[in-house]
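**Q** Here is the input, now give the coordinates:
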Amino acid sequence: MGFSWLGAVSLPLYYLSWQKGPGVVLQDPELRALIVATAVLGALLTLWMPAGDGGWLDALMLAMSTQSTTGFSTVAIGDLDDASKLAMTGAMLVGGSVGSSAGGFKLLRLLLLLRLLQLVLARAAAPRHAVIDVRLGGRLVDDADLWRAMLLMVMFMLVVFLSWLAFLIHGYPALDTLFEVVSATGTVGLSTGITRPDLEPFLKAVLCFDMLAGRVEIFALLVVLYPGTWFGKRSEA
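**A** Purely as a prediction, here's the structure:
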């Protein structure tokens, strides 16, 4: 489980730590966010999991599995309470670091969203001529990178929402369905029991699309499906 969680750390960070020393690892905001998110989820699951499910060790392993989108579990997910499922759904939605083997829309984009919110508030309170830059981990964040990250998050949420509606129309419970769809889109694999061999073929197709879209982070799939990619004359200028 430890190696699985290390897979959720940005792979270039390992190279940087080898080149510049281990101190650079501790300065990475995304790694710190990954540690905090895993610890918070583990603490919540420890408090909420039913007695007899293994205690804090199973809760920690489940938190590591969920945040790293590994999909390993030592407890029956369907037996967990709604609060635990909701917390895990949020963790699977975010996932691990950019440049890692983890799924989700990635912690870096969540940090950028929080920075964007901070920027909006700061600019609203500042004079018109004030210049306020967005920085993350000491690095200047370009506006184009900010909006690109926000667009990917919106597309990720849209895929989750539309897939969730498909399950709701078929009469499945809302929270378990949301957990299932987020697990598929985040390429996690944890299940409350809805995903099964006798699931309706259409819903199987929905989950297959979710897994593919989540793995290639949606934009690559949209480019493949876009007619302009295959038809029409493209300028090489």
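**Q** Scan the helices and strands of the protein for the one with the lowest mean pLDDT.
**A** The helix or strand of the chain with the poorest confidence is strand 134-136; it has a mean of 73 (mean pLDDT, DSSP states H and E).
**Q** Mind listing what's buried along that strand?
**A** The neighbour-count check on strand 134-136 (16 or more other C-beta atoms under 10 Å) flags 134, 136 as buried. Heads up, the C-betas are built off the backbone N, CA and C, glycines and all.
**Q** Sheet-wise, list the partners of it with their directions.
**A** Note on strand 134-136: by DSSP bridges, its sheet partners are strand 139-141 (antiparallel).
**Q** Name the surrounding residues that touch the strand it pairs with.
**A** By C-beta atoms under 8 Å, 6 or more residues apart in numbering, the surrounding residues in contact with strand 139-141 are 112, 115, 133-135.
**Q** Run through who's touching the least confident helix or strand of the chain.
**A** Outside strand 134-136, the residues that touch it by C-beta under 8 Å, 6+ apart are 29, 108, 111-112, 115-116, 119, 140-141, 143, 146.
**Q** Kindly report the same for stretch 208-221.
**A** Stretch 208-221 has contacts (C-beta under 8 Å, 6+ apart) with 103-105, 152, 155-156, 159-160, 163, 181, 184-187.
**Q** Tell me which of those residues has the lowest pLDDT.
**A** In terms of pLDDT, Leu152 ranks lowest among those, with 89.
**Q** hang on, it packs against Phe105?
**A** Yes. With contacts counted by C-beta atoms under 8 Å, Leu152 reaches Phe105, the gap being 6.3 Å.
**Q** So for those two, which sits in the more crowded spot?
**A** A direct count of neighbours by other C-beta atoms under 10 Å for Leu152 and Phe105 places Phe105 higher, at 25 against 16.
**Q** By residue count, what's the longest helix in this protein?
**A** If you go by DSSP state H, the chain has its longest helix at helix 143-169.
**Q** helices or strands up against the helix or strand just after that one?
**A** Of the helices and strands lying after helix 143-169 in sequence (DSSP states H and E), the nearest is helix 174-185. Helix 174-185 sits against helix 82-94, helix 143-169, helix 201-215, with contacts defined as 3 or more C-beta pairs under 8 Å, 6 or more residues apart in numbering; DSSP states H and E.
**Q** Ranking the ones you listed by mean neighbour count, which comes first?
**A** Highest mean neighbour count of those: helix 82-94, a mean of 21 (counted as mean count of other C-beta atoms under 10 Å).
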